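J.: Return a 3D structure for these sequence lines:
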Amino acid sequence: MSNPKPVKVIAVASGKGGVGKSSVSVNLAVALATAGNRVLLMDADLGLANVDVLLGLSPRYNLGHVLDGEAELEEILVEGPGGIQIIPASSGTKRMAELGPAENAGLIRSFSELSGDWDYLVIDTAAGIADSVISFARAAREVLVVACDEPSSITDAYALIKVLHRDYGVERVHMVANMVSSASEGQELHGKLARVCERYLDLTVAYMGAIPRDDAMRKAVQRQQAVVTAYPGSPAGRAYREMAKRVEKLPLPGRVEGHLEFFVERLVQYNAQGGEVVQ
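T.: Residues are numbered from 1 along each chain as shown. Purely as a prediction, here's the structure:
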């Protein structure tokens, strides 16, 4: 096996766009890496990929080249800040949800041949409840749902969690409060979402922490850098390091469940179901 130890697979999702989901994915990955973990970051927003833009990278190849047989997965990996490795996304809406059998087999083989001994795979999904988002979230070990203090953000975050839990049995859901003005605002935001999920879905949504509204974030985006490395002492930088500590405390999956190959096999299985639950 190329990955003899369990890998924590974390899907970062949001009910709507514009809530900073990709920034959370990038900075969480970098924070985990700077804490000494080996981190693989997958840009799975296949219609509006932007991890490379956020980090000022210009990858020659992307996942589309792997799926088309033009490159190996190992070849498209790009190194990012903190030593993270990045799988750049391919362009083309719903690309992952429309893979044929040969592409499915090729994707599983590509992941099984990766030589990295990873601790974490962080997946930046698309916003909303598209088929590809559902597939990635179902295949991942943990799902982090990013929301900010806007009615539409809370409503759409609940809608996403409802679909994942009620229709697909996803249980391990955590909430990240982004762009908050204070720690208490983040806790209040989590409380709103957690109460409705508990009441109507009988689901406990854990709190993964809050990221403050911070001018350092804006400056980091302009510089195409992660705030964790560009402004490590900023409130946002510190918040991401605290979030990384919480993520590190999440339980490890079982050895078989934790293999990257197992994750991709589940992803392929869920894609093949075409949105239908197979009993």
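J.: Go through the helix or strand harbouring I211 and flag the buried ones.
T.: Using DSSP states H and E, I211 maps to strand 206-212. Neighbour counts over strand 206-212 (16 or more other C-beta atoms under 10 Å) mark 207-212 as buried. All C-beta spots, glycine's among them, are computed from the backbone N, C-alpha and C.
J.: tell me what that strand is packed against?
T.: With contacts defined as 3 or more C-beta pairs under 8 Å, 6 or more residues apart in numbering; DSSP states H and E, strand 206-212 has these neighbours: strand 173-180, helix 183-201, helix 235-248.
J.: give me that answer again for 6 Å
T.: On a contact count with 3 or more C-beta pairs under 6 Å, 6 or more residues apart in numbering; DSSP states H and E, strand 206-212 meets strand 173-180, helix 235-248.
J.: Pull up the pairing partners for the first one, direction included.
T.: I take that to be strand 173-180. strand 142-147 (parallel), strand 206-212 (parallel) (DSSP bridges).
J.: Any idea which of those gets closest to L73?
T.: Nearest of the strands paired with strand 173-180 to L73, taken as C-beta to C-beta: strand 142-147 at 22.5 Å.
J.: now the closest one, how far from the centre of its chain.
T.: 8 Å (C-alpha atoms, centre = their mean, to the nearest Å).
J.: ok, residues contacting the helix or strand following it?
T.: Downstream of strand 142-147, the next assigned helix or strand under DSSP H and E is helix 151-162. With contacts defined as C-beta atoms under 6 Å, 6 or more residues apart in numbering, helix 151-162 is touched by 15-16, 19, 129, 145, 147, 173, 192-193, 196-197.
J.: can you tell me which two in those are farthest apart?
T.: Between any two of the contacts of helix 151-162 (C-beta to C-beta), the greatest distance is 19.8 Å, for I129 and K192.
J.: Minimum distance to N27: which of the helices and strands packed on strand 206-212 has it?
T.: Comparing the helices and strands packed on strand 206-212 by C-beta to C-beta, helix 235-248 comes nearest, at 4.5 Å.
J.: got the buried residues for the closest one?
T.: So, applying 16+ other C-beta under 10 Å, buried residues of helix 235-248: 235-241, 243-244, 247.
J.: just to revisit the earlier point, the strands paired with strand 173-180 into CSV, with extra columns for mean pLDDT and distance to R166?
T.: Formatted as CSV, the strands paired with strand 173-180 follow (pLDDT from 0 to 100; distance: least, C-beta to C-beta, whole Å):
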stretch, mean pLDDT, distance to R166
strand 142-147, 97, 14
strand 206-212, 97, 18
